[in-house]
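> sequence and computational prediction follow.
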Amino acid sequence: MKRAIIVINAYTKRGSELNQPRRLQEELASLGVEAEIVRNSPAVLRAEADFAIYLDKDKYAARALERRMRMFNSAAAIETCDDKMLTHLALAGFPMPETISSLLCYTPEAATSADLLGEAEARLGYPMIVKENFGSLGAQVYLAEDRRELEELSERLKLRPYLYQKFIAESRGRDVRAICVGGDVVCAMKRTSPDFRSNLSLGGKGEIFEPTEEIRSLCARVCAAIGLDYCGIDLLFGKEGMLVCEVNSNAFFGGIEAVTGVNVAATYARYIFHEVYGSAPRK
Ligand SMILES: Nc1ncnc2c1ncn2[C@@H]1O[C@H](COP(=O)(O)OP(=O)(O)O)[C@@H](O)[C@H]1O
Ligand SMILES: [Mg+2]
């Protein structure tokens, strides 16, 4: 019997978070793999399975589980993508918006470093993107229009890791989301929004987008550099070509499946089958 576990967050209450694991479970079942959906817990570390699809972001449990079985994605890749500054550092040399890391602060009464603010202002200009290292659905991404807003945001975020980033004005409210499996772009959509962030969760609209050779090769290189089996890459339209905005190791695929008609779950399940069992699935 071929067995797998699909690990989800221990505490999540959002029913929508069950769509993704259920779709993967279904597709694996059609390939003869019995996959159990489990909430993260100490018992998960004792599970007997050929592999895990890890849809949580708990990096500690991921590392522990990886001692016992092949993980999709690997614990290291999940950790790198979860933290936007770590992603940026892992992709040194790639086309990306210029980025400056905040400085670790554990002194609440201290003012934000004037050196840091001065450097960000001089190198990145306004409006400037300010982003928390840990965030999703656009909710922890901000735009500072001037020095006062930059100072306010910096003060508010001071005790958390965050970054300053050049605002790619040509790409305001639009980007490309590409879903990759094994380094190949399996589908892509262009997202457009009245907001400066193009996330569908904030009112962005997706339309099918034929990935160019430039996008395919950039995405393949990103996947190889971080060691990703599966991901969603956000790409910005820069003056001189596409720029990597961020990489989501646990990208939701429901929205993009609806827009593009591509069965992402089936593609990913077949890829995993081949990786684990060394042969192509029979159907
Ligand atoms: N440097 C930037 N320049 C222009 N737009 C950006 C920039 N960074 C992010 N955005 C916009 O904000 C959205 C959300 O940012 P992203 O880094 O993808 O965070 P999240 O994980 O919350 O989706 C992007 O899809 C893009 O539309
Ligand atoms: Mg994003």
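Done, it's in. Ligands and ions are numbered 1, 2, ... in the order given.
> which parts of this structure sit against ligand 2?
234, 246 (Cβ under 5 Å from the ion). To be clear about C-beta, it is placed using only N, CA and C from the backbone, and glycine gets the same treatment.
> poorly predicted segments of the chain, please.
Judged by pLDDT under 70, the chain has its weakly predicted residues at 282-283.
> could you list the domains of it?
Annotated domains of the chain cover 2-72, 81-93+170-251, 99-167 [automatic domain parsing].
> dump the ones you listed to JSON lines, plus mean neighbour count.
Formatted as JSON lines, the domains of the chain follow (neighbours: other Cβ atoms under 10 Å):
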{"stretch": "domain 2-72", "mean neighbour count": "17"}
{"stretch": "domain 81-93+170-251", "mean neighbour count": "19"}
{"stretch": "domain 99-167", "mean neighbour count": "16"}
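> distance to residue 261 added to those domains, as a markdown table?
What follows is the domains of the chain, written out as a markdown table (distance: least, Cβ to Cβ, whole Å):
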| stretch | distance to residue 261 |
| --- | --- |
| domain 2-72 | 15 |
| domain 81-93+170-251 | 8 |
| domain 99-167 | 23 |
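> can I get these in TSV including distance to ligand 1?
Below are the domains of the chain laid out as TSV (distance: least, Cβ to the nearest ligand atom, whole Å):
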stretch	distance to ligand 1
domain 2-72	12
domain 81-93+170-251	4
domain 99-167	4
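> for the stretch 101-250 of the chain, which residue gets nearest to ligand 2?
Nearest residue of the stretch 101-250 of the chain to ligand 2 (Cβ to the ion) works out as residue 234 at 4.3 Å.
> residues contacting the residue nearest to that residue when sequence neighbours are not counted?
Nearest residue to residue 234, sequence neighbours excluded (Cβ to Cβ, 6 or more residues apart in numbering): residue 245, at 4.0 Å. By Cβ atoms under 8 Å, 6 or more residues apart in numbering, residue 245 lies in contact with 96-97, 175, 234-236.
> state the next helix or strand along the chain beyond the one helix or strand the residue of the stretch 101-250 of the chain closest to ligand 2 maps to.
Assigned by DSSP states H and E, residue 234 belongs to strand 230-238. Next helix or strand after strand 230-238 toward the C-terminus (DSSP H and E): strand 241-248.
> do a quick rundown of the strands in the stretch 51-200 of the chain.
For the stretch 51-200 of the chain, the strands defined by DSSP state E, counting those that start in this stretch occupy 51-54, 70-72, 99-101, 128-132, 141-144, 162-166, 174-181, 184-192.
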